[in-house]
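Q: One predicted model, sequence on top.
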Amino acid sequence: DLVFNAAPMHDIGKIGIPDSILLKKGKLNDDEWHIMRQHPAYGAEIIGEHDFPLLRMARDIALTHHEKWNGSGYPNGLAGEAIPLAGRIIAVADVFDALTTERPYKKAWNVEDAVQLIDEEAGTHFDPQLVPIMHSALPEFLDIKERYEENAPPDLEQQL
């Protein structure tokens, strides 16, 4: 339950990233990418230090969901089990969502291609023990995705 309730806060740090970067249609340049890579630290700072378990977990997730199993992630280059389990779980879910959702800069991937990429990245980007669990949870992933797509607010870019 804690992961489920904390997960929606994983990208809260993006409120510190300019819309010109978040909504850019093309590839980010090096300076923009440097700014974007700050959002996990911003998120951890926004959530802050708390004794409340939900907020502690939300902070861990916000800070570590872009860390990679092999240590090549950001913001701290954590590797393996040094990455909190909740951050490793949300890393898989976040990449699946990013791949299968249309963004201003890309079309949505089909589910099969997204799953294949995640499989290929097991042990590099993702905890290799979590990828098979993702397979067993795929029906729930798809149900959640469908539920939120149906209730999605209008595209922010169209509102600007």
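A: Arrived safely, thanks for sending.
Q: Where is the longest helix in this protein?
A: Scanning the chain for the helix with the most residues, using DSSP state H, yields helix 130-150.
Q: Just the buried positions in it, please.
A: Across helix 130-150, burial judged by 16 or more other C-beta atoms under 10 Å covers 130, 131, 134, 141, 145. Every C-beta, even on glycine, is put in place using the N, C-alpha and C of the backbone.
Q: Can you lay out those residues as a markdown table showing distance to residue 23 and pLDDT?
A: As requested, the buried residues of helix 130-150 are arranged in a markdown table below (distance: C-beta to C-beta, whole Å; pLDDT from 0 to 100):
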| residue | distance to residue 23 | pLDDT |
| --- | --- | --- |
| 130 | 31 | 98 |
| 131 | 31 | 98 |
| 134 | 29 | 95 |
| 141 | 25 | 85 |
| 145 | 21 | 81 |
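Q: Tell me the one among these nearest to residue 53.
A: Within the buried residues of helix 130-150, distances to residue 53 taken as C-beta to C-beta reach their minimum at residue 130, with 21.3 Å.
Q: so that closest one sits right up against residue 88, yeah?
A: Yes. At 5.9 Å, residue 130 and residue 88 qualify as touching, with contact defined as C-beta atoms under 8 Å.
Q: on that earlier part again, what's the closest of the buried residues of helix 130-150 to residue 83?
A: Ranked by distance to residue 83 (C-beta to C-beta), the buried residues of helix 130-150 are led by residue 130 at 10.8 Å.
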